[in-house]
Each structure stands twice: as structure tokens, then as C-alpha cells.
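Visitor: Predicted model, plus sequence, below.
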Amino acid sequence: MVEAAGPAGADPAAVRTAVADAALHARAGRYDAARHLLDGVGGEDSDDVAVLDLLARVHAQRGDLVRADACWARVERLDPEHAGAADGRRRIRTLWSGKRTGGGLALGAAAACLLLAGGGVVTGWALASRPADQQADPAVAQELAELRHELNQIRTATPPPSDEATPDGTTSREAALRAVRDALGDRRWTTTLDARTVLVTFREPVFEAGGAETSRSGADVLTGLAGPLGDLKDVEVTVIGHTSDTAPVPGSRYRDNAEVSLARALAAAQVISSGSGIPLSAIDVAGAGDVDPPYPNTDEANRARNQTVTVAIEVVP
């Protein structure tokens, strides 16, 4: 694999750290954050293969196949043997040639599979899985593992930003998260907190099995969440699609559960955007496939509940 410098004078270690951090953001569905980091180390004008390849995959996830193809074309000029760029451009050409049929959601779901799959799960959610007939590039996987290790070392050595305590002893972030949780209270879903996110998990199925068509109550519950979401300030919203462990039936418009889950995330994001007033471009989406579902696939009732999305609301510092 060819490695080149980023923008003129850029510190190679800083470039590698930016790429590692951007990869973590992308895997968590924060594509704007990932793109911002990559733009800071040269973006589409970079001469660094890792920067360009990850940026291409972020563009593909967002459905911007023109810019994805341009980034991969630049990768091929820098490294003609780069398998990821060749495969990405081939799949984009397949999409453009009309060999894959279906509406915009199917196109978005297919594009999502162009994302880097090595490295597994980040913050509990996985990106679209690699198709069964496509082998991972060991060199890419090893490089990502090294980057993640370096990033973890940097983060371990760097103290977290200060967060002032409020009069009741909680930090301002904790208070903001609790306020978000309280604002979203509803018996149709549960809310859980972690260090910086409120996660909404729906109690009943949101989608019909095997596709991205909302169930009888699914559209209503998404609209019900959208209302209070639109009233929140200083938050970022990510919709994560899920499936059960049952694969799509033969002849389905979706190739695998990764595509189904992303199609669900896109469909739910559209409903939430319409009901909340949040621009669709401001809502990040990610597909978890059948990895780490909200409910264990131990019976048919839980498999039905996993035809769903979860919604993560992050408080912006």
C-alpha cells in the first residue's frame, strides 16, 4: 500500500490521528464530523491514500457517488494497486449503469456497503457489513488496527475537557443529558444515558419484516418522537437501523441485512426530519444490520421488535 503525505508540511502523525478519529466518527454515523477532520488534513486535495479512501467512503455513505468516485480516482492515480479504490469505483459504475434496480433508498443502501468494514463495532454500532463474496483487505485491516491503537494511546494520555459541576453536584453535560431524557419521556420507547448520548429504543416494531416499510404504528411512533426532538437545542441526531437475525428472502430488493438496516435508517430519518423541522442533511444515519440488535433474537416477538431503528441524541458541548 502506498502512503503519501497529506497537505504540504503536515505532520504525518497528525494525519494518521485525524484519519483514525475520522474513521471512528464515520463508524458511529457522524459523517459530517468525519469529513471535517479529513478536510483539515487535505480532504479531496490530499496526496494521502488513507485520507482519500476514507473520504470516498464517507461520500458514498451520504449518497454522493460523484465525489466518492473522484476521491477513489485520485487514490488510483497515487496507488494503482489499491484494491479498495478499484472495487469502489467498480460498484459505483454498476450502480450508474442501472444494473441495480429500485428507488433512492436502495441506492443509498447499496452505496453504504462501500464503507470501510474492517474494525467491527464502534460505540456499539457497526457500519454496513462487507458482502459475503468480498474478502477484507488484510493490509487495510492491519493499518486501521494500528491507527486505532495509536489514537487510543493519545486519548489515554490526554485528559478529558473540563465539565463544570452544577449546584446539585452533577456536571453541566450530565444535567443537559437528563434534560433531554426528560423531554423525550414517552411510554412508547425507553431512553438510556451514557457519557454524552441519550439513546431511544422503541418498544414495538417500527418496520414490517424484510424491508423499510413502516409498520401500522411505526410512522406514528417516529412522528411522536420527532415533535419533542424539534424542540431540543444544541444536539446532534443519529438514526441507526437494525434488523433481526433473519436474512432477506430470495428475490428481495435488498442484498443483505446491512442494506435493510440502512434503508430503515434513511426512511426513519425522513419521517423525523419532516415531523421535527430538523433538516434531513443534519441527521446522520448508520446501518447496524443484525449486529448488536436492541433485543436478543431469542424468540419471534423479539425478532419482530428488532425490525426497528434506535435514535441517538448527542449533546453538543
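Guide: Sure, I can see it. Numbering: from 1, shown residues only.
Visitor: Let me see the ranges of the strands in the chain.
Guide: With DSSP state E as the criterion, the chain has strands at 121-122, 125-126, 189-193, 197-202, 235-241, 283-287, 309-315.
Visitor: what about the last one, average pLDDT?
Guide: Within the predicted structure, the mean pLDDT of strand 309-315 is 92.
Visitor: That one: how far from the chain's middle?
Guide: For strand 309-315, the separation from the chain centroid amounts to 12 Å (computed by CA atoms, centre = their mean, to the nearest Å).
Visitor: low-confidence ranges in the chain?
Guide: Within the chain, the ranges that satisfy pLDDT under 70 run 1-10, 28-29, 62-63, 94-170, 317.
Visitor: Which residue ranges of it form helices?
Guide: 12-27, 31-39, 49-61, 65-78, 83-96, 104-112, 138-157, 172-183, 218-230, 257-276, 300-305 (DSSP state H).
Visitor: Rebuild these as TSV, extending it with distance to residue 251 and mean neighbour count.
Guide: Quick note: C-beta positions are derived from backbone N, CA and C, even for glycine. Converted to TSV, the helices of the chain look like this (distance: least, CB to CB, whole Å; neighbours: other CB atoms under 10 Å):
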stretch	distance to residue 251	mean neighbour count
helix 12-27	31	21
helix 31-39	31	20
helix 49-61	25	27
helix 65-78	25	19
helix 83-96	19	17
helix 104-112	14	22
helix 138-157	33	14
helix 172-183	42	17
helix 218-230	24	19
helix 257-276	14	25
helix 300-305	20	16
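Visitor: So the chain: which segments form each domain?
Guide: With domains defined by automatic domain parsing, the chain comprises 12-154, 172-315.
Visitor: follow-up on the earlier one: next, format the helices of the chain as CSV and append distance to residue 312.
Guide: Below are those laid out as CSV (distance: least, CB to CB, whole Å):
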stretch, distance to residue 312
helix 12-27, 13
helix 31-39, 13
helix 49-61, 16
helix 65-78, 25
helix 83-96, 27
helix 104-112, 17
helix 138-157, 20
helix 172-183, 11
helix 218-230, 11
helix 257-276, 11
helix 300-305, 18
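Visitor: picking up where we left off before, pick the most deeply packed of the strands of the chain.
Guide: strand 283-287 (a mean of 27; mean count of other CB atoms under 10 Å).
Visitor: Can you report how many residues neighbour residue 231?
Guide: 10 (other CB atoms under 10 Å).
Visitor: repeat for residue 307
Guide: As a burial measure, residue 307 scores 29 neighbours (other CB under 10 Å).
Visitor: quick one: it and residue 246 touch, right?
Guide: No: Residue 307 sits out of contact with residue 246 when judged by CB atoms under 8 Å, with a separation of 9.4 Å.
Visitor: Quickly list what's touching both of the two.
Guide: residue 209 (CB atoms under 8 Å, 6 or more residues apart in numbering).
Visitor: show me what contacts the closest residue to residue 264 other than its chain neighbours?
Guide: Once flanking residues are discounted, residue 264 sits nearest to residue 241: 3.7 Å by CB to CB, 6 or more residues apart in numbering. Applying CB under 8 Å, 6+ apart to residue 241 gives the contacts 260-266, 268, 285-288, 309.
Visitor: nearest to residue 88, of the strands of the chain?
Guide: strand 283-287 (17.3 Å; CB to CB).
Visitor: Counting by contacts, list what that closest one packs against.
Guide: Judged by 3 or more CB pairs under 8 Å, 6 or more residues apart in numbering; DSSP states H and E, strand 283-287 is in contact with strand 235-241, helix 257-276.
Visitor: between those, which gets nearest to residue 205?
Guide: Nearest to residue 205, of all these, is helix 257-276, at 10.9 Å by CB to CB.
Visitor: which strands and helices sit next to the closest one?
Guide: So helix 257-276, by 3+ CB pairs under 8 Å, 6+ apart, packs with helix 104-112, helix 218-230, strand 235-241, strand 283-287, strand 309-315.
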